[in-house]
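K.L.:
What would the 3D arrangement of this be:
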Amino acid sequence: MKVLVTDLDGTLLGGTDAERRRLRRVLARHPEITVVFSTGRGLPSVRQVLRDPLVPRPRWIVADVGATVADGTDLSPVADLQACLRDGWPGATRVRRALSRFPALTYQDGVAQDGRCSFHLRPGDLTEELTAAVAALGCSWSYSAGRYFDVLPPSASKGAAVEALARAQGWAPSDLLVAGDSLNDLSMYGIGAHGVVVGDAEPALLRAVAADEKVHRPGGAGAAGILAALQKLGWVESEYAFVVGYHRAPTVWTPAGWRAPTSPNGILPTLRGLFGAGQAVGGTDAAALWVAGAVFDEDVASSEMRGQETGLPLSLERFSPGEWSGYFHRACKETLWPALMSEPERMRFDTAAWAQYRTVNRRFAEHIADRAALRATVWLHDYNLWLVPGLLRAARPDLRVGLFHHTPFPPAEVFEALPVAAEVRTSLAALDWAGFQTEEFAANFRATLGESGRPSVGVHPLGVDREAIERMTRARELHPPSTGGPLVLSVERLDYAKAPVRKVDTIAALLAAGPELRGRLRFRLVCPPPEPGITAYDSTRAALERRIDDVNRRFGTATWQPVDYFPHNLSFADVLDHYLAADVFWVTSLQDGMNLTAKEFVAVQSAAGRSGVLVLSRYTGAAVELGADALLTDPRSPANLADTLRRALAMKPGERRARMARLSSALGDGRPRDWAAAIVFAIGGGHDAGPLPVPAPAGSAA
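P.N.:
Alright, predicted model coming up:
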């Protein structure tokens, strides 16, 4: 049992609305913490406070500076406790009559009060004669804030009322945290409980408790100070100055525990590496958190995950397979993905699936809002969380929110084809910052949002971890290049936007037109399927496998097949071996955010001293950086696909070496962690985030 006993004015009601909202949400998330109001207000005034949606509902109420104790559920008096506290009270009429000879006292007419008399009094008029008159009535008194003089029953005070309530409920002093800001709260700090004096408190109260080691003195005013004390005691979770929101976790839960990706490249490894940097946000000790979705069957118990270390400060929002299917498999992949790929004719909109998308985004927003510190930086990723910015802006206007699009962003006319375009556009306009892989995508975003309320926009092309790639390449067993014929390689997930069927058609066209390539040309397609449940690519997979069979039957022999198909996931070490073996790396995306496989190929070939040719779709983000020395191709043109691949196969060794040298130089040595640091800097409004923006205490799933 944990009990928060808090004053109202200046304490629970103090601070900004955002700070009060944060405390309200935290307490709602921790129903094991009982809330008790301990206030100078009377019950009618407390009833008005309870109408405030930012105020938590109390289980008990100590009112009238300790003269009243009520049940918080219906405000009925706790008669036995109240009778003890009011024992000896002479009544308000007698008190006012006896003290009427002190003209400096001004009775607080219009203020609800019961079992006490409250006056205004200047500090200089608090005389021994006045306090002696109160003592002669058999009463006690309290003076606070240099203004409020309360005459109370002899045994009444906030501290006495809380102590009596604690005895009745069986609460130990160590179960209690008392919070206040003025001298009429002082009695609560003498009952042996934990204490917090919030920021902007009455200096006299701070002096009175200065020697008490059990009293916290956070800098935050009001609700922020209470929350800081709850966190310091460990009664609630810490808040985070930096929060990443990504629909995926950087690790995968398996029956054997958490499994990290094998590739050092891509956004998940990039952020995972950043979280492992051991640095602090803004040079402080504030921590970072990764909020992700996780899909579990109902029979996967949380106890199975308990104690399984991820090495990351990871907080999971759990979803059932059904929830995830509507959200990701249908709304994301069947509605939004075709628009991003500028193929709106493939769009399939389902209202039930979009309702799931809204629900998942709302739960992400609530999760982030609950865990983000005041004025925290929040970095969202991709179209999967497009509705989160608007939800966060409404719930937590104090946050700095940015979203990076790893995918393309479509032209405005394609975006407008979305049935939910207005809803998404309104949310994206709530961002502080939006990031893109290319200037073209950024321009599309600007055109879509127009001029009103547009967030800041940045262009930050993502690279690869070249140092890690070179280290892994050096560790591989290098074989001499094959002399059996050229190897053309593609590595891509199954997706119609990668144009895999067009690749096979092109191989067939080359073999038909060039008999000299038969028995020699090999096309290796590493093309793992999407996760189970995604049906948007089923027709592409069926057409691809049918076309591969056709081409291999038509041109293949007993010892040679033109198309070598790998329809499963490979470790990055295995992919690296394929990069090393390739003479041509072939990227034919109809639309692509960046395409890191092209950059990986350049890094591997360069590290091994090899000179493969990069054939790169002009519709990839990578074409902006590498297009001058790759062979650019137009995958929408069958003739251009064939001509460009034919040119790559015929390229002389000297030109191959020269192009690879220039590609290696264009790739550069920038670290993905530095890329991430620049983005955090931008989201924060250009405020220096220190050498690395994200701290990373190791943790387990929450």
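
K.L.:
Spatially, and excluding backbone neighbours, which residue is closest to Ala430.
P.N.:
Arg393 (3.8 Å; Cβ to Cβ, 6 or more residues apart in numbering). Bear in mind the C-beta positions are built from the backbone N, C-alpha and C, glycine included.

K.L.:
Buried residues in the helix or strand where the one you found lies, which are they?
P.N.:
According to DSSP states H and E, Arg393 maps onto helix 388-395. By neighbour count on 16 or more other Cβ atoms under 10 Å, the buried set for helix 388-395 is Val388, Pro389, Gly390, Leu391, Leu392, Arg393, Ala395.

K.L.:
ok, now stretch 661-680?
P.N.:
Neighbour count says stretch 661-680 has 663-664, 666-667, 671-673, 675-680 buried, by 16+ other Cβ under 10 Å.

K.L.:
tell me how far the ends of stretch 377-386 are from each other?
P.N.:
Start and end residues of stretch 377-386 are separated by 17 Å (Cα to Cα, to the nearest Å).

K.L.:
hang on, I meant stretch 578-590
P.N.:
23 Å.

K.L.:
where does Ser263 land on pLDDT?
P.N.:
pLDDT for Ser263: 67.

K.L.:
before we move on, what about Gly685?
P.N.:
At Gly685, the model reports a pLDDT of 83.

K.L.:
which residue packs closest to it, ignoring adjacent ones?
P.N.:
Arg400 (6.3 Å).

K.L.:
I'd say that neighbour and Val378 touch.
P.N.:
Yes: between Arg400 and Val378 there is a contact at 6.9 Å, judged by Cβ atoms under 8 Å.

K.L.:
Find residues that contact each of the two.
P.N.:
Ile683 (Cβ atoms under 8 Å, 6 or more residues apart in numbering).

K.L.:
Just give the closest residue to Pro529, not the sequence neighbours.
P.N.:
In space, Pro529 comes closest to Leu494 once its chain neighbours are excluded; the distance is 5.1 Å by Cβ to Cβ, 6+ apart.

K.L.:
Please, which helix or strand holds the one you found?
P.N.:
Under the criterion DSSP H and E, no helix or strand holds Leu494.

K.L.:
So which residue is smack in the middle of this structure?
P.N.:
Residue closest to the mean C-alpha point of the chain, counted by Cα atoms, centre = their mean, is Gly245 at 3.0 Å.

K.L.:
Assign it to helix, strand or coil.
P.N.:
strand (DSSP: H, G, I helix; E, B strand; the rest coil).

K.L.:
Quick one: low-confidence residue ranges for the chain.
P.N.:
For the chain, the stretches with pLDDT under 70 are 252-264, 272-286, 297-311, 452-453, 482-483, 687-702.

K.L.:
Could you pick out the longest helix of it?
P.N.:
Counting by DSSP state H, the longest helix found in the chain is helix 351-371.

K.L.:
Can you give me the buried ones in that helix?
P.N.:
353-354, 356-358, 360-361, 363-371.

K.L.:
Which of those residues sits closest to Pro321?
P.N.:
Checking the buried residues of helix 351-371 against Pro321 with Cβ to Cβ, the nearest one is Gln356 at 11.8 Å.

K.L.:
Count the neighbours of Tyr537 for me.
P.N.:
Using other Cβ atoms under 10 Å, Tyr537 is surrounded by 20 other residues.

K.L.:
quick one: which of the buried residues of stretch 661-680 is nearest Ala249?
P.N.:
Checking those against Ala249 with Cβ to Cβ, the nearest one is Ala676 at 17.1 Å.

K.L.:
I'd say that closest one and Thr270 touch.
P.N.:
Yes: proximity of Ala676 to Thr270 meets the contact threshold set by Cβ under 8 Å, at 6.0 Å.

K.L.:
May I ask which helix or strand encompasses Ala558?
P.N.:
Going by DSSP H and E, Ala558 is not in any helix or strand.

K.L.:
Please report phi then psi for it.
P.N.:
Dihedral pair for Ala558: phi -60, psi -20, per degrees, to the nearest 10.

K.L.:
How many residues are close by it?
P.N.:
Ala558 has 5 neighbours, counted by other Cβ under 10 Å.

K.L.:
Can you tell me how far it is from Leu517?
P.N.:
Spatial separation of Ala558 from Leu517 under the definition Cβ to Cβ, to the nearest Å is 18 Å.

K.L.:
helices and strands around the following helix or strand past the helix holding Arg393, which ones?
P.N.:
Toward the C-terminal end, the helix or strand that comes next after helix 388-395 (DSSP H and E) is strand 400-404. Contact here means 3 or more Cβ pairs under 8 Å, 6 or more residues apart in numbering; DSSP states H and E; on that basis strand 400-404 packs against strand 372-381, helix 388-395, strand 433-436, helix 672-683.

K.L.:
The very next helix or strand once past the shortest one - contacts with which helices or strands?
P.N.:
Secondary structure here is assigned by DSSP H and E; on that basis, the next helix or strand after strand 433-436 toward the C-terminus is helix 439-449. On a contact count with 3+ Cβ pairs under 8 Å, 6+ apart, helix 439-449 meets helix 412-415, helix 421-428, strand 433-436, strand 456-459.
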